[in-house]
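Student: Okay, predicted coordinates and the sequence, questions at the end:
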Amino acid sequence: MTLTVVDMHTGGEPLRIVTGGYPDIPRGTILEKRAYVRDHLDRIRKILIFEPRGHYDMYGALLVEPDLPGADLAVLFMHNEGYSTMCGHAIIALGRYAVDEGLVAKQEPVTTVKIEAPCGLIVASVEIKDGKAGAVSFESVPAFLFAHGQTVDLPGFGPIGFDVAYGGAFYALADCHQFGLEFGRDRVRDFVDAATALTEKLKAEFPLSHPDHSELAFLYGTILTDGRDAFSDEPTKNICVFAEAEVDRSPTGSGVTARLAAMHAKGEIGIGQTRTFESIAGSRFSGAVARTTRTGPHDAITARVGGRAYYSGRAEFIVEADDELGRGFLLR
């Protein structure tokens, strides 16, 4: 087996784009393709994402044939646990990649790239100047506040208040100060432990539903915030811990979308107001409520999230027949 990839990062969060070596994926909906790759080709995810070629927090993207009319490309997202339904940092990187690779016709000053993700169609806008791709923003699928002002008794921490919001994936949102944590003072490990504890508790006790498809109704992770949800010109900081305690180096595009949906539902941000979201690594995304909409029983928004993506390398990977460790392992 030979696999070729292009590596990028958005706000420090890696994206490994598969450019060759995957077997053909049967035709079907994007969720059917996701299920097929999960059930029949998961060994390849481990080769690409796990050590010795990747690491615990690696992230990947597999381009597949689009099913939605009008989509320029379709993508399956992969990480240490499996396959996500949405990834904003990947959409930002793929927007630039699609322009640079000629997957869409380049137009100045903005090129539109329509990307089918498991959660739906995402429209990315790539700024073009002097023929070169720059900043990228995207408009989300309908995002909504699913549950507000909930409380759970979390062992080791006591009562913790949280919201649950959907931004292409479901996240629990909680103020980090409830856990005795402070950005810039406490270890990333402490944030990870707190967020993971909340995620696991809610997975076991807090059922979710999505009006479009049952496969979208799972808790992807927890976002711990600095509590500064009300609109301000100052950045608000968060850390997203998702999948199997994976840490996002970026502010998290789908997480920013979920936060915007929650903020808008609570009257903390208005349509067209732009907020800056900062990650644990110090990178920043812009985020705004583009417009309101509705999905199923939920009042919802369409969010616009923006950032920059950069190339970090190209590689060709092989697995020798007798290399058991080469098939992928994780240490942390």
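Tutor: Good, I have the coordinates.
Student: tell me which element residue 46 falls in.
Tutor: Residue 46 is part of helix 42-49 when elements are defined by DSSP states H and E.
Student: Pull out the buried positions in that helix.
Tutor: Using 16 or more other C-beta atoms under 10 Å as the test for burial, helix 42-49 gives 44, 45, 46, 47, 48, 49. C-beta: built from backbone N, CA, C; applies to glycine.
Student: which residues touch the first one?
Tutor: Right, residue 44. Applying C-beta atoms under 8 Å, 6 or more residues apart in numbering to residue 44 gives the contacts 1, 3, 21, 22.
Student: switch to 10 Å and redo it
Tutor: Residue 44 sits next to 1, 3, 18, 21-23, 37, 60, 62, 78, 319, 327-328 when contact means C-beta atoms under 10 Å, 6 or more residues apart in numbering.
Student: The fifth one too?
Tutor: For residue 48, the residues meeting the contact criterion (C-beta under 10 Å, 6+ apart) are 3, 5, 16, 18, 21-22, 54, 58, 60, 62, 78, 315, 317, 328.
Student: same check, this time on the second one
Tutor: If you count contacts by C-beta under 10 Å, 6+ apart, residue 45 has them with 18, 37-38, 54, 60, 62, 76, 78-83, 328.
Student: With distance to residue 262 and pLDDT as added columns, please give the contacts of residue 44 in TSV.
Tutor: Shown next, in TSV, are the contacts of residue 44 (distance: C-beta to C-beta, whole Å; pLDDT from 0 to 100):
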residue	distance to residue 262	pLDDT
1	43	80
3	39	98
18	33	98
21	40	96
22	36	95
23	40	95
37	31	97
60	28	98
62	30	98
78	27	98
319	43	96
327	41	96
328	36	97
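Student: from these, which would you call buried?
Tutor: The neighbour-count criterion (16+ other C-beta under 10 Å) marks 3, 18, 21, 22, 37, 60, 62, 78, 319, 328 among the contacts of residue 44 as buried.
Student: Keep only those of the contacts of residue 45 that are in strands.
Tutor: 18, 60, 62, 76, 78 (DSSP state E).
Student: which one of those is nearest residue 279?
Tutor: Closest to residue 279 out of those is residue 60 (19.4 Å), distances taken as C-beta to C-beta.
Student: any idea how far the residue in the chain sticking out farthest from the centre is from residue 304?
Tutor: Relative to the C-alpha centroid of the chain, counting by C-alpha atoms, centre = their mean, residue 322 is the outermost residue, at 34.9 Å. Note on residue 322: its distance to residue 304, by C-beta to C-beta, to the nearest Å, is 50 Å.
Student: same thing with residue 90?
Tutor: 17 Å.
Student: the more surrounded of the two?
Tutor: Using other C-beta atoms under 10 Å as the criterion, residue 90 and residue 304 rank with residue 90 on top: 31 against 22.
Student: what's near enough to touch the more buried one?
Tutor: By C-beta under 10 Å, 6+ apart, residue 90 lies in contact with 8, 10, 13-17, 59-61, 75, 77-78, 84, 97, 115, 117, 122, 250, 253-254, 309.
Student: let's see 8 Å
Tutor: By C-beta under 8 Å, 6+ apart, residue 90 lies in contact with 10, 15, 59, 61, 75, 77, 253.
Student: before we move on, back to that, mean confidence score for the helix holding residue 46?
Tutor: Regarding helix 42-49, the rounded mean pLDDT is 98.
Student: ok, now how distant is residue 94 from residue 192?
Tutor: Computed as C-beta to C-beta, the residue 94 to residue 192 distance reads 27 Å.
Student: and the two? which has more neighbours close in?
Tutor: Ranked by neighbour count (other C-beta under 10 Å), residue 94 and residue 192 place residue 94 first, with 31 against 19.
Student: For the helix or strand harbouring that one, buried residues please.
Tutor: According to DSSP H and E, residue 94 maps onto helix 88-100. The neighbour-count check on helix 88-100 (16+ other C-beta under 10 Å) flags 88, 89, 90, 91, 92, 93, 94, 95, 96, 97, 98, 99 as buried.
Student: Tell me the secondary structure of the closest residue to residue 41 other than its chain neighbours, please.
Tutor: Ranked by C-beta to C-beta, 6 or more residues apart in numbering and with sequence neighbours excluded, the top spatial neighbour of residue 41 is residue 23, at 6.5 Å. Secondary structure state of residue 23, per DSSP: H, G, I helix; E, B strand; the rest coil, is coil.
Student: Longest helix in this structure, please.
Tutor: In the chain, assigned by DSSP state H, the helix with the most residues is helix 188-205.
Student: Give me the contacts around that one.
Tutor: For helix 188-205, the external contacting residues (C-beta under 8 Å, 6+ apart) are 152, 154-157, 160, 162, 164, 172, 174, 176, 179, 181, 218-219, 221-224, 239, 241, 245, 247, 280.
Student: Filter the residues you listed down to just the ones in strands.
Tutor: Of the positions in the contacts of helix 188-205, 152, 154, 160, 162, 164, 172, 174, 219, 221-224, 239, 241, 247 sit in strands, assigned by DSSP E.
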